[in-house]
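[1] My questions are about this predicted structure, shown below with the sequence.
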Amino acid sequence: MNLITVAFFQQVFSTKKNYELFLFGISIFCLACDSNQNKGDEFQKPNFVIIMADDLGYGDLGCYGHPTYQTPNLDSMAANGLRFTDYHSNGAVCSPTRAALLTGKYQQLVGMEGVIYVRGETRQTGLDTTTITFAELLKPSDYTTGMLGKWHLGYRPEFNPIHQGFDFFRGYVSGNIDYHSHYDNAGIYDWWNGLDSVSETGYVTDLISKHAKTFIRENQKNPFCLYIAHEAPHWPYQGRNDPPDRFPNTEFKSLGSREDYAGAYQEMVEVMDESVGEVLAILDSLNLSENTLVFFCSDNGAVDSLGNNGILRGHKTQLWEGGHRVPAIAYWPGTITPGATDATVLSMDVLPTILSLASEKLPPDLMTTGVDFSPVIIQQEELPERTTFWRYRQQWAARQGDWKLLIRGDSTYLFNLQQDMAEQQNLATQYPEKVEELLDTLSQWETIVEQVPQRTN
């Protein structure tokens, strides 16, 4: 689908009302077709569990080369599933990637290029509730949808996940909270059950595990989609047994009071791995594993001071590879052949992929700029080549095959990532025609996305 076609669909089907009209038209068309309608009677809809870590770097797991972190559950997922070596978050920070994941579009197309901070004026901002999410798209197929953990797409009640297609929400709406007291960085209590603020004691990662198991157990007889957005290993750096730091009307350190940040970070990664193991265990105990795709990823690269981005250059907030190339694992026993893939996949590709897997009656790439990568995980096929884009704070990047164009301020870089994943050799002067080609494509992309007002923090 070319950029002009994307722009057309963005305009025509950008609201829920228009989407409902589109679904109605498709249903009438399908009734008149002689296609294999009876196949749906035999089709068992798969469940989906989408797990997103927060600020987890490319090298922060054992299966991605970390020498000391103990992540046996994610390592087992990778050994028995599909490990992605070229998976990218749509953004180099939190909110944009989450918007892209939910909508299947570049975050710029839904006005979410920047982070929503806790300060006053940005509390008025959130993901437009007329924007369609994968939770809403699964409704016609009778999925029960749940969301746990970090939302970060709007503080106000009208932006709550409950209004974006999720039947159940337990978590927080800000960018980070105290893992124990559940106060955000402005000293505001931030723990919700749907639209209701609730008091609940416990370490955030453990609470997410508890509610994930409850959701799966209660919905085991129905097709379900559960989006688990972990806080770990985002700051504040607190382990299970550390004291709470944040309370109202008190001064506190945003990163936490523990002096051993590195030790806390490791513990947070390893406790998150335990949580993943608990989810896998309950799926197995309920005999749901072979009908459930579990997809794990991170929202952006690791911070420069603590996280491990492996050999990659750069870190969170930057468009070097270390800012957006992140771990990703697809796990589906009996369906996925274990191995690794170098397919280039982005956060926005998750939506069309799960739609395709849910039912052939749902358009696989409706209103998306993402692509369906189910052939990669099911048949080990390659994806057609495409050009992908990133933009954040005076940085631009365009990726086409092995080539990556990066602009940072007044500097222009060109890398062949197949030969130089660490981005050490700038080839811009050697291949000026490739630079011009990618600049032209980037300009076309910007012409489209600049039509949408942006949250640019």
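    Perfect, thanks for sending it. What you see is a predicted model, and the numbers here were worked out from it, not measured in a lab.
[2] distance of residue 142 from residue 165?
    Applying Cβ to Cβ, to the nearest Å, the value for residue 142 to residue 165 is 13 Å. For the C-beta atoms, the positions are set from N, CA and C on the backbone; glycine is no exception.
[3] what ranges do the strands span in the stretch 51-200 of the chain?
    82-84, 87-88, 144-150, 168-172, 192-193, 196-197 (DSSP state E, counting those that start in this stretch).
[4] on that earlier part again, between residue 142 and residue 165, who's got more neighbours?
    residue 165 (21 against 12; other Cβ atoms under 10 Å).
[5] Report the contact partners of the more buried one.
    Neighbouring residues of residue 165 by Cβ atoms under 8 Å, 6 or more residues apart in numbering: 132, 133, 134, 135, 136, 137, 138, 139, 145.
[6] Quick check: chain neighbours aside, which residue is closest to it?
    residue 135 (3.1 Å; Cβ to Cβ, 6 or more residues apart in numbering).
[7] would residue 442 count as being in a strand?
    No - under DSSP: H, G, I helix; E, B strand; the rest coil, residue 442 sits outside any strand and is assigned helix.
[8] My guess is it contacts residue 400. True?
    No - Residue 442 lies out of contact with residue 400 (Cβ atoms under 8 Å); the separation is 10.1 Å.
[9] And the pLDDT for the residue nearest to residue 457 when sequence neighbours are not counted?
    Distances taken as Cβ to Cβ, 6+ apart put residue 114 closest to residue 457, at 3.9 Å, once the chain neighbours are dropped. For residue 114, the model assigns a pLDDT of 92.
[10] count of residues packed around residue 114?
    Count around residue 114 with other Cβ under 10 Å applied: 20.
[11] gap between it and residue 96?
    For residue 114, the distance to residue 96 equals 7 Å [Cβ to Cβ].
[12] quick one: common contacting residues for the two?
    Counting by Cβ under 8 Å, 6+ apart, the residues touching both residue 114 and residue 96 are residue 392.
[13] Run through the stretch 351-457 of the chain and note the low-pLDDT ranges.
    360-366 (pLDDT under 70).
[14] just the strands in it please.
    387-391, 395-400, 403-408, 411-416.
[15] Which secondary structure elements does the last one sit against?
    It refers to strand 411-416. strand 403-408, helix 432-449 (3 or more Cβ pairs under 8 Å, 6 or more residues apart in numbering; DSSP states H and E).
[16] same thing but 6 Å
    Packing contacts for strand 411-416, counted by 3 or more Cβ pairs under 6 Å, 6 or more residues apart in numbering; DSSP states H and E, involve strand 403-408.
[17] helices or strands up against the strand it packs on?
    Helices and strands touching strand 403-408, by 3+ Cβ pairs under 6 Å, 6+ apart, are strand 395-400, strand 411-416.
[18] Paired strands for that strand, with orientation please.
    strand 395-400 (antiparallel), strand 411-416 (antiparallel) (DSSP bridges).
[19] and the closest residue to residue 162 other than its chain neighbours, how many neighbours does it have?
    In space, and not counting its chain neighbours, residue 162 is closest to residue 194: 5.1 Å by Cβ to Cβ, 6+ apart. Using other Cβ under 10 Å, residue 194 has 14 neighbouring residues.
[20] go on, residue 183?
    When neighbours are defined as other Cβ under 10 Å, residue 183 has 22 of them.
[21] quick one, what contacts it?
    189, 246 (Cβ atoms under 6 Å, 6 or more residues apart in numbering).
[22] Quick check: bridge partners of it?
    residue 189.
[23] Redo the helices and strands packed on strand 403-408 as a markdown table? Include mean neighbour count and distance to residue 216.
    Formatted as a markdown table, the helices and strands packed on strand 403-408 follow (neighbours: other Cβ atoms under 10 Å; distance: least, Cβ to Cβ, whole Å):
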| stretch | mean neighbour count | distance to residue 216 |
| --- | --- | --- |
| strand 395-400 | 21 | 36 |
| strand 411-416 | 18 | 42 |
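[24] which regions of the stretch 151-300 of the chain lie under the pLDDT threshold?
    Those would be none, if you go by pLDDT under 70 across the stretch 151-300 of the chain.
[25] Tell me where it has helices.
    204-218, 261-285 (DSSP state H, counting those that start in this stretch).
[26] Output the ones you listed in JSON lines, with distance to residue 248 and mean neighbour count appended to each entry.
    Output for these, formatted as JSON lines (distance: least, Cβ to Cβ, whole Å; neighbours: other Cβ atoms under 10 Å):
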{"stretch": "helix 204-218", "distance to residue 248": "18", "mean neighbour count": "20"}
{"stretch": "helix 261-285", "distance to residue 248": "23", "mean neighbour count": "20"}
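[27] closest one to residue 413 among those?
    helix 261-285 (29.8 Å; Cβ to Cβ).
[28] That closest one - contacts with which helices or strands?
    Secondary elements touching helix 261-285 (3+ Cβ pairs under 6 Å, 6+ apart): helix 72-80, helix 204-218.
[29] can the ones you listed go into a markdown table with extra columns for distance to residue 375?
    Below are those laid out as a markdown table (distance: least, Cβ to Cβ, whole Å):
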| stretch | distance to residue 375 |
| --- | --- |
| helix 72-80 | 20 |
| helix 204-218 | 27 |
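[30] Tell me which residues touch residue 204, please.
    Residue 204 neighbours (Cβ under 6 Å, 6+ apart): 179, 231.
[31] ok so, going back, residue 372: which of the helices and strands packed on helix 261-285 is closest?
    Among those, the nearest to residue 372 by Cβ to Cβ is helix 72-80 (21.6 Å).
[32] Next, the buried residues of the closest one.
    Buried residues in helix 72-80, defined by neighbour count with 16 or more other Cβ atoms under 10 Å: 73, 74, 75, 76, 77, 78.
[33] The protein - how does it break down into domains?
    3-30, 46-384, 388-449 (automatic domain parsing).
[34] winner for burial among the ones you listed?
    domain 46-384 (a mean of 21; mean count of other Cβ atoms under 10 Å).
[35] Span of it from start to end?
    Its start and end residues considered, domain 46-384 measures 25 Å (Cα to Cα, to the nearest Å).
[36] now do stretch 396-408
    End-to-end distance for stretch 396-408: 7 Å, by Cα to Cα.
[37] cool, and stretch 298-311?
    Using Cα to Cα, the two ends of stretch 298-311 sit 17 Å apart.
[38] Please name the nearest non-neighbouring residue to residue 274.
    Nearest in space to residue 274, with sequence neighbours left out and distances taken as Cβ to Cβ, 6+ apart, is residue 73 at 7.0 Å.
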